[in-house]
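sequence plus the predicted model coming up.
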Amino acid sequence: MRSKPTFLIVSALASALFSAASAIASEVNIYSARQEELIKPLLDDFTKDTGIKVNLITGKPDELISRLASEGRNSPADVLISTDVGRLYRAKTQGVLQSIESDTLNTAIPEELRDPAGQWYGLTMRARPIMYVPGKVNPEELSTYADLASPKWRGRICIRSSDNIYNQSMVAGLIAHEGAAAAEQWVEGLVANFARPPRGGDRDQISAAASGVCDIAIANTYYLGGMLADSEQRATAEKVKVFWPDQAGTGAHVNISGAGVAAHAPNKANAVRLLEYMVTEQAQQWYAQQNHEYPVVKGVQASELLQSFGQFNADELNLDKLGELNAEAIRVMDRAGWR
């Protein structure tokens, strides 16, 4: 008769030890196209708040997507984090993400910044406005993206190559609004206005404008923000100003950095919990401040630096459309001679 209480005590202890071991073993595995220094402090906070260990692998987005595809059901990945919706759409079409249900994510993130099927979610937003050199360009001359194809800008525009996903998404947005024929005509005009053959990244376009190579640069806002926050690049970045195009029409072109749950996530619940954590006010503020990007959650303020660029109306096209039209955008750019 005395053995029953002893058995119960032992069982309770064993159960407690198992639960503790499970808690210690609780983890989430991330494949991230964002550099470690741009995300790890946030992941460390997630671990402190939840007890869930984060295992982080970083790499180039297309390589990570290919890795997920080749690993298949054996992949340890729970979450894919990437920049630009074009890549997240690519991951979706290759079957390496899965749909999830989360009232938290659906409430926090505007509909146009998340996948209708729940396979990817925008975590931060970036815009791709016109950047101009004061004294060489009167902002009253600027109006829309379409106007950049006008002959008045002949030899005055710097932008990176057509193989860049940011430019592909921008053209895909134009196709969605105006159709492929109009987009191709616009690209032809834009190419005719290049100050030089495209080369380098977005920072290089800003630097080229600042040094007098061109009068206008097209670049993502977080690159300008990063340069302004860098003491070695601040003087260069201060030579350009931001103009928000299409404010009376469709709004400025925007994109995201975002994430989705891997198709064969071994820790799916933890993966969803991580994504939900990343749309909390605390995480949104940190992410936006450190990466010079705009929060996706309404009510969370952008950094003072980004606020200095001015308020703007963003294009409200569902970003999934940019991924859907990516291949058409590449064909349009190729036919129009954008190399």
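Good, I have the coordinates. Numbering: from 1, shown residues only.

find the residue closest to residue 324 in space, skipping its chain neighbours.
Spatial nearest neighbour of residue 324, excluding adjacent residues (Cβ to Cβ, 6 or more residues apart in numbering): residue 89 at 6.8 Å. Yep, even glycine has a C-beta here, placed from its N, CA and C like the rest.

now do the buried residues in the helix or strand hosting that neighbour.
Using DSSP states H and E, residue 89 sits in helix 85-93. Buried residues in helix 85-93, defined by neighbour count with 16 or more other Cβ atoms under 10 Å: 85, 86, 87, 88, 89, 90, 91, 92.

so which of the residues you listed is the closest to residue 60?
Each of the buried residues of helix 85-93 was scored against residue 60 by Cβ to Cβ, and residue 87 proved nearest at 9.8 Å.

give me the most central residue, the protein.
The chain has residue 257 as the residue nearest its centroid, 1.9 Å off, counting by Cα atoms, centre = their mean.

quick one, what contacts that one?
Applying Cβ atoms under 8 Å, 6 or more residues apart in numbering to residue 257 gives the contacts 34, 81, 82, 83, 84, 122, 123, 124, 126, 291, 293.

as JSON lines, those residues with secondary structure and neighbour count would be great.
JSON lines is the format used below for the contacts of residue 257 (DSSP: H, G, I helix; E, B strand; the rest coil; neighbours: other Cβ atoms under 10 Å):
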{"residue": "34", "secondary structure": "coil", "neighbour count": "21"}
{"residue": "81", "secondary structure": "strand", "neighbour count": "24"}
{"residue": "82", "secondary structure": "strand", "neighbour count": "26"}
{"residue": "83", "secondary structure": "strand", "neighbour count": "23"}
{"residue": "84", "secondary structure": "coil", "neighbour count": "25"}
{"residue": "122", "secondary structure": "strand", "neighbour count": "24"}
{"residue": "123", "secondary structure": "strand", "neighbour count": "29"}
{"residue": "124", "secondary structure": "strand", "neighbour count": "24"}
{"residue": "126", "secondary structure": "strand", "neighbour count": "23"}
{"residue": "291", "secondary structure": "helix", "neighbour count": "22"}
{"residue": "293", "secondary structure": "coil", "neighbour count": "27"}
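
returning to that earlier point: what pairs with the host helix or strand of the residue nearest to the centre of the chain, parallel or antiparallel?
For residue 257, the element it lies in under DSSP H and E is strand 254-262. As defined by DSSP bridges, the strand partners of strand 254-262 come to strand 79-83 (antiparallel), strand 97-98 (antiparallel), strand 121-127 (antiparallel).

closest one to residue 45 among the ones you listed?
Residue 45 lies closest, by Cβ to Cβ, to one member of the strands paired with strand 254-262: strand 121-127, at 14.6 Å.

show me how far the closest one is from its chain's centre.
Centroid separation between strand 121-127 and its chain, computed with Cα atoms, centre = their mean, to the nearest Å, is 5 Å.

what angle sits between that strand and helix 85-93?
160 degrees (axes from the mean of the first three to the mean of the last three Cα atoms, to 10 degrees).

how about residues contacting the helix or strand that strand 121-127 is followed by?
Going down the chain from strand 121-127, the next helix or strand is strand 130-132, by DSSP H and E. Applying Cβ under 8 Å, 6+ apart, the external contacts of strand 130-132 come out as 139, 142, 145, 148, 205-206, 209, 215-219, 224, 240-245.

on that earlier part again, I'd like the strands paired with strand 254-262 laid out as a markdown table, including mean pLDDT.
Converted to a markdown table, the strands paired with strand 254-262 look like this (pLDDT from 0 to 100):
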| stretch | mean pLDDT |
| --- | --- |
| strand 79-83 | 96 |
| strand 97-98 | 98 |
| strand 121-127 | 97 |
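
how about TSV for these, with distance to residue 192 added?
Compiled in TSV, these are given as follows (distance: least, Cβ to Cβ, whole Å):
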stretch	distance to residue 192
strand 79-83	30
strand 97-98	39
strand 121-127	25
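
indicate which one of these is closest to residue 253.
strand 121-127 (6.8 Å).

which one, of the strands paired with strand 254-262, ends up nearest to residue 73?
Nearest to residue 73 among the strands paired with strand 254-262 is strand 97-98 (12.1 Å), distances taken as Cβ to Cβ.

next, the buried residues of the next helix or strand after the closest one.
The helix or strand immediately downstream of strand 97-98 is helix 103-108, counting by DSSP H and E. For helix 103-108, burial by neighbour count (16+ other Cβ under 10 Å) applies to 105, 108.

low-confidence regions, the stretch 1-150 of the chain specifically.
Along the stretch 1-150 of the chain, segments meeting pLDDT under 70 span 1-25.

can you give me the helices in it?
3-25, 40-50, 61-71, 85-93, 103-108 (DSSP state H, counting those that start in this stretch).
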